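Colleague: build me a model:
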Amino acid sequence: MNPLIRFFRVKIYTAVFLLVLVLLVGVLGFKIMSNYTWVDAIYMTVITITTVGFGEVQPLDDSAKIFTVILILASVIILGYAITVITEYILSKNNFEELKQRKMQKKIDGFKDHIIICGYGRNGKQAAQKLLAYNKSFVVIEKDKEHLEKSQSDLVPFVLGNANEDDILQQAGIERASTLISALPNDADNLFVVLSARQINDKLNIISRASQETSYQKLKLAGANNVILPDRIGGDHMASLVVVPGLIEFIDNLSIVGKVNVNIEEIPIEKLYDSSATKTIRDLDLRKKTGCNVIGYKDVDGEYLVNPEADLKLAANSKIIVLGRPEQIQKLNSLYDIS
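Modeller: Numbering: from 1, shown residues only. The predicted structure follows:
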C-alpha cells in the first residue's frame, strides 16, 4: 500500500474513533446527569452533536447545560477534523494518481532503445516478465484501466490508452524505441498497430501476435518483422511431446529466463573482443575459458547457422549463441562483463 494512502487511512481511523468516543460520552453523560432513558440520551446526544437545533427532551439543570456546551464544542471540533481528513484524502488521492502518472511519464521519456508492449493480457504479461528478468527497459500500453490496476506492478511502466492511436504510441516513446510487441487479442487491432508503428518508426523491430493463420501474411505485409501464432506453437509443442517426448523435455529444461537458471544466451561478438580484428570460434576458446559451447551463429543479415564450425570467422555486428549450465553462463557474463 502507498505510504500516503496508509497515512490518510490512519487519520480517518482516528477521526472515526473520536466520533464514536464523543457519541458514547454524550449518551452516558445525559443518562447519568439528567437521568434520561437510553433512547432519550441517544436522541439528545445526536441532536447536540449535529447541532440541528431541536428542543430538549426535558429542561436541563446547570451542570447538564455545562456538559452540553462542552459536548457541542468537542463535537464541532471533531466533526470539523473528520470532514477535513476525508476531503483532504479524496483530493490527495486524485493528486497522487496524477503525480504518479507524471513521474512515470518522465521515466518513460528518459527511455531509449526500449521495448513497447501493446496489450497487457496473457501474452503481454509473459513478455513483460521475461523482459523484467533481463532488466530490459519497456513500456506497456493498455486501454483497460481496471484490468491494468489489477495486474500492474510498480516495476512495470505503463501508458493508459489505445495503442491504435498515434499519440499514445508517441507517449510510449515509439520514435526512440527499438522493438514493439503487439500482443492485442484482436488481429485487426494488431494489424492497425503494426501499420501505425511502421509509419512512425521505419527502423523499429515489430513482433506481432496473430490468432488466425490468415492474418500472418497481412501482418508481414503491414510491416511486422515477426508474427507469432501462440495457438499454433502450443499445438506443435503438444504434438512434439508425443513424437519426440525425450527431446522436448530436454528443451523445456533449457531456461532462457532469469538470472540464476539461464542455459542459453545470445551474445554480440563486440562483447567478446575488438571486432576490428577478425577472430574465429576456435580463437575465442569459450569452452576452455568458461565451459560454454557455441551452438549457433547469427550473421549480420540475421541468418542463423546451427552448430557452426570452429574455424568460422566472426564478422562485425554478428552474434553467437552459447549453451551451458547456469554457473557456466554466469562465468561467461562475469569474464566479459556482459550485463
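Colleague: send over the lowest-mean-pLDDT helix or strand in the chain as PDB, restricted to the C-alpha atoms.
Modeller: Sorted by mean pLDDT, DSSP states H and E, the helices and strands of the chain end with helix 245-252, the least confident at a mean of 71. Listed in PDB are the C-alpha atoms of helix 245-252, where the atom choice follows Å, rounded to 0.1, in the frame of the first residue of the first chain:
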ATOM      1  CA  PRO A 245       9.000 -36.700 -25.900                       C
ATOM      2  CA  GLY A 246      12.500 -37.000 -24.500                       C
ATOM      3  CA  LEU A 247      13.900 -34.300 -26.800                       C
ATOM      4  CA  ILE A 248      11.100 -31.800 -25.900                       C
ATOM      5  CA  GLU A 249      11.500 -32.500 -22.200                       C
ATOM      6  CA  PHE A 250      15.200 -31.700 -22.600                       C
ATOM      7  CA  ILE A 251      14.400 -28.400 -24.500                       C
ATOM      8  CA  ASP A 252      11.900 -27.400 -21.800                       C
END
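Colleague: centre of the chain to it, how far?
Modeller: How far helix 245-252 lies from its chain's middle: 32 Å, per Cα atoms, centre = their mean, to the nearest Å.
Colleague: elements contacting that helix?
Modeller: Based on contacts counted as 3 or more Cβ pairs under 8 Å, 6 or more residues apart in numbering; DSSP states H and E, the elements that helix 245-252 packs against are helix 230-243. Heads up, the C-betas are built off the backbone N, CA and C, glycines and all.
Colleague: between the helix it packs on and helix 245-252, how big is the angle?
Modeller: Relative orientation of helix 230-243 with respect to helix 245-252: 130 degrees, computed using axes from the mean of the first three to the mean of the last three Cα atoms, to 10 degrees.
Colleague: pLDDT of helix 230-243, averaged?
Modeller: Here the mean pLDDT over helix 230-243 is 76, rounded to a whole number.
Colleague: again, but for stretch 311-328
Modeller: Mean predicted lDDT for stretch 311-328 stands at 90.
Colleague: buried stuff in that stretch?
Modeller: Of the residues in stretch 311-328, those with enough neighbours to count as buried (16 or more other Cβ atoms under 10 Å) are Leu312, Leu314, Ser318, Lys319, Ile320, Ile321, Val322, Gly324, Gln328.
Colleague: Ile269: which of these is nearest?
Modeller: Distances from the buried residues of stretch 311-328 to Ile269 were compared by Cβ to Cβ; the smallest belongs to Leu314, at 4.8 Å.
Colleague: follow-up on the earlier one: just checking, next helix/strand downstream of the least confident helix or strand of the chain?
Modeller: Read in the C-terminal direction, the helix or strand following helix 245-252 is strand 264-268, with elements assigned using DSSP states H and E.
Colleague: where does Lys220 fall, secondary structure wise?
Modeller: If you go by DSSP H and E, Lys220 is part of helix 214-222.
Colleague: who does that helix touch, helix- and strand-wise?
Modeller: Judged by 3+ Cβ pairs under 8 Å, 6+ apart, the packing partners of helix 214-222 are helix 187-200, strand 226-228.
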